[in-house]
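K.L.:
Any chance you can model this:
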Amino acid sequence: MKALGDQYVKSEFRLHKNAGAAETDQFMHEWTKYYVTLAKQLNKKQKNLSVGQAISTEMMDVLSPEQVGQLHELFKATTKVDDDKEGSSARR
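P.N.:
Coordinates of the predicted model:
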């Protein structure tokens, strides 16, 4: 998951390197919120750690079609990692 996340973050920052000031402020604000959320979740000592949070309907309504597509691709990539782990465990 770390490798996938690192790759995704690098890609997002590259895609936004020429963004305007307003877009950059919003982009950095959202990534900071994401970081704070993950930091809080990862600091909890839990056996069944749940990382992330659900996206609200309001947030989905303001996403562009391209952003929805990126979100879907990220979902597919992260669930594929879980499927690959289960498949390799089942083959042992």
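K.L.:
tell me the domain boundaries of this protein?
P.N.:
If you go by automatic domain parsing, the domain ranges for the chain are 1-51, 54-92.
K.L.:
Make a markdown table out of those domains and add mean neighbour count and mean pLDDT.
P.N.:
(Each C-beta comes from the backbone N, C-alpha and C, glycine too.) Formatted as a markdown table, those follow (neighbours: other C-beta atoms under 10 Å; pLDDT from 0 to 100):
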| stretch | mean neighbour count | mean pLDDT |
| --- | --- | --- |
| domain 1-51 | 10 | 80 |
| domain 54-92 | 10 | 74 |
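K.L.:
does residue 80 sit in a helix or strand, and which one?
P.N.:
According to DSSP states H and E, residue 80 maps onto helix 65-91.
K.L.:
now swap in residue 52 and tell me
P.N.:
Per DSSP H and E: residue 52 is located in neither a helix nor a strand.
K.L.:
From residue 74, how far out is it?
P.N.:
11 Å (C-beta to C-beta, to the nearest Å).
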